[in-house]
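Novice: after the sequence you'll find the predicted model.
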Amino acid sequence: MRGLFITFEGVEGCGKSTQLKELQAHLEAAGHTVVVTREPGGTPIAESIREILLDPDNTAMGATAELLLYEAARAQHIHEKIAPALQAGQVVLCDRFADSTTAYQGAGRGIAPETLRDLHDIATGGIWPHVTILIDLDPRIGLKRARNRGREDRLEREAIEFHQRVRDGFLRLAAEEPDRIHIVDGNAPIEAVSSAIIAHIDTCLAPRSTP
Ligand code: TMP
């Protein structure tokens, strides 16, 4: 695969979407072809699965069905969008990916790490982010921001303890994979967060050939 796969991760309201747009503008100005996408979603089939997953009326959903739906959306996303973009040498910026499953369904819901690893392998076909930006934030601050955006989705309605476990799960992943996962402070001003992300990505791009 010739492209570069960059993912953004973090708790609700950590500022991923804003920062992703800032990085997109920076990379496009430098001449890269950038594909911006998200999980769950990114293709029509995966966006339909997203609606089921986030619908607050789906209170009956069990943890296993939830896990498999996230992985099904991911399998379709990889097949239809991410793999072709990387094959074409493009930069893929993805708002959440498999680390979110490890944090939310693993640390949050208690699904075993071996189960997650097996399902990630099946869903991704071995395609994994080259770089992940983890925007770390106290979920109490993030949820307050997210709630100001309007109606809460099914996951945002979970208790604060769930969101604390998710944050801890992300931080554990970052400690296990420091070469891939770069932590930035989501409590810093927006411009400071963007500068930190851009500086890191520029370092990652430096050894690669120019676009
Ligand atoms: P978003 O609000 O950042 O678009 O993400 C959608 C929600 O889905 C968010 O609450 C995190 C959750 N999620 C999981 O629980 N597992 C996953 O694998 C992914 C990608 C997202």
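Specialist: Noted; the coordinates are in hand. Please read these numbers as outputs of a predicted model, since none were measured by experiment. Numbers count the residues shown, from 1 in each chain.

Novice: for Leu53, what is the enclosing helix or strand?
Specialist: Leu53 belongs to helix 44-54 when assigned by DSSP states H and E.

Novice: mind listing what's buried in that helix?
Specialist: 45-46, 49-50, 53 (16 or more other C-beta atoms under 10 Å). C-beta coordinates here come from the backbone N, C-alpha and C atoms, glycine included.

Novice: repeat for stretch 123-131
Specialist: Buried, per 16+ other C-beta under 10 Å, within stretch 123-131: 123-124, 127, 129-131.

Novice: mind listing which of those are in strands?
Specialist: Val131 (DSSP state E).

Novice: which among the buried residues of stretch 123-131 gets closest to Glu28?
Specialist: Glu28 has its nearest neighbour among the buried residues of stretch 123-131 in Val131, at 17.2 Å by C-beta to C-beta.

Novice: of the buried residues of helix 44-54, which is the nearest to the ligand?
Specialist: Leu53 (6.3 Å; C-beta to the nearest ligand atom).

Novice: which residues of the chain lie near the ligand?
Specialist: 12, 38-40, 70, 96, 100-101, 104-105, 155 (C-beta under 6 Å from any ligand atom).

Novice: next, format these as JSON lines and append distance to Ser194 and pLDDT.
Specialist: Below are these laid out as JSON lines (distance: C-beta to C-beta, whole Å; pLDDT from 0 to 100):
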{"residue": "Glu12", "distance to Ser194": "20", "pLDDT": "96"}
{"residue": "Arg38", "distance to Ser194": "19", "pLDDT": "98"}
{"residue": "Glu39", "distance to Ser194": "22", "pLDDT": "98"}
{"residue": "Pro40", "distance to Ser194": "25", "pLDDT": "98"}
{"residue": "Tyr70", "distance to Ser194": "28", "pLDDT": "98"}
{"residue": "Arg96", "distance to Ser194": "19", "pLDDT": "98"}
{"residue": "Ser100", "distance to Ser194": "21", "pLDDT": "98"}
{"residue": "Thr101", "distance to Ser194": "26", "pLDDT": "98"}
{"residue": "Tyr104", "distance to Ser194": "25", "pLDDT": "98"}
{"residue": "Gln105", "distance to Ser194": "30", "pLDDT": "98"}
{"residue": "Leu155", "distance to Ser194": "26", "pLDDT": "91"}
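
Novice: so what's the residue count around the nearest residue to His163 once chain neighbours are set aside?
Specialist: In this structure, His163 finds its nearest non-sequential neighbour in Pro139, 3.6 Å apart by C-beta to C-beta, 6 or more residues apart in numbering. Using other C-beta atoms under 10 Å, Pro139 is surrounded by 23 other residues.

Novice: now Glu156
Specialist: Using other C-beta under 10 Å: Glu156 sits among 17 other residues.

Novice: that one contacts Leu143, correct?
Specialist: Yes - counting by C-beta atoms under 8 Å, Glu156 touches Leu143, with 6.7 Å between them.

Novice: between those two, which contacts overlap?
Specialist: Glu12 (C-beta atoms under 8 Å, 6 or more residues apart in numbering).

Novice: pLDDT weak spots in this structure?
Specialist: 1, 208-211 (pLDDT under 70).
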